[in-house]
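J.: I'd like to go over a predicted model; first the sequence, then the structure.
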Amino acid sequence: MQNRLALTATVEREEALRYTPAGLPVVEMWLRHQSRQTASGFERDVACEIQAILIGEDGRKLSGKLAGKTVNVTGFLSQRGLRNPRLVLNIEFVEFVKG
């Protein structure tokens with residue numbers, strides 16, 4: 001079973017392009033999400049900041065072009081590293097929101 005997370009957010013911060021030890025390009029960023037959601041029949045305002053990474057060719061192509069932009073992203077959650085259990089969103093698809 002594949003669980004994917006879809007989110008519309010603004011890229012608050014974008015780090016400089018870096019490469020993994022295997023040579024893959026990586027862009028690390030922080031996404032700011034705000035929306036109105038319904039839970040148990042009640043509406044509530046939701047706001048959060050999520051750390052995210054974009055690995056591979058898309059990361060290389062979009063490096064330096066994301067900060068301040070609103071995007072739709074799809075990906076999955078994982079821990080940051082073997083010794084760091086903090087959650088990070090691994091972006092698999094990104095598109096800019098026109099507006």
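T.: Now that the structure is in, tell me what you want to look at. Quick caveat, the model's predicted, so the values are computed rather than measured.

J.: So which residues of the protein form helices?
T.: Assigned by DSSP state H, the helices in the chain fall at 57-62.

J.: Any chance of the backbone angles for the residue of the chain most remote from its centre?
T.: When distances to the mean C-alpha position of the chain are computed (C-alpha atoms, centre = their mean), the maximum falls on G41, with 28.2 Å. Here the main-chain torsion angles of G41 (degrees, to the nearest 10) amount to phi 80, psi 0.

J.: what bridges to the residue lying closest to G75 once chain neighbours are set aside?
T.: Leaving aside its chain neighbours, G75 sits nearest to I91 (4.3 Å; criterion: C-beta to C-beta, 6 or more residues apart in numbering). To be clear about C-beta, it is placed using only N, CA and C from the backbone, and glycine gets the same treatment. With beta bridges defined as DSSP bridges, I91 has these partners: L54, G75.

J.: quick one: contacts for D58?
T.: Listed by C-beta atoms under 8 Å, 6 or more residues apart in numbering, the contact set of D58 reads I91, V94.

J.: coming back round to it: check the residue nearest to G75 and give its pLDDT.
T.: pLDDT for I91: 98.

J.: One more: M1?
T.: Here the pLDDT value assigned to M1 is 59.

J.: Point to the residue nearest the middle of this protein.
T.: Going by C-alpha atoms, centre = their mean for the chain, the residue that ends up nearest the centre is A52, at 3.7 Å.

J.: ok, that one to R86 distance?
T.: Going from A52 to R86 by C-beta to C-beta, to the nearest Å gives 12 Å.

J.: Over to Y19?
T.: According to C-beta to C-beta, Y19 stands 21 Å off from R86.

J.: got it, and A67?
T.: Distance check for A67 against R86: by C-beta to C-beta, it reads 22 Å.

J.: So which of the two has more stuff around it?
T.: Per other C-beta atoms under 10 Å, whichever of A67 and R86 has more neighbours is A67, with 13 against 8.

J.: I figured the more buried one hits A16, correct?
T.: No - in terms of C-beta atoms under 8 Å, A67 does not count as a neighbour of A16; the distance is 11.0 Å.

J.: still on that earlier bit, go ahead and confirm the residue nearest to G75 touches N72.
T.: No - in this structure, I91 is not within contact of N72 by C-beta under 8 Å, at 10.4 Å.
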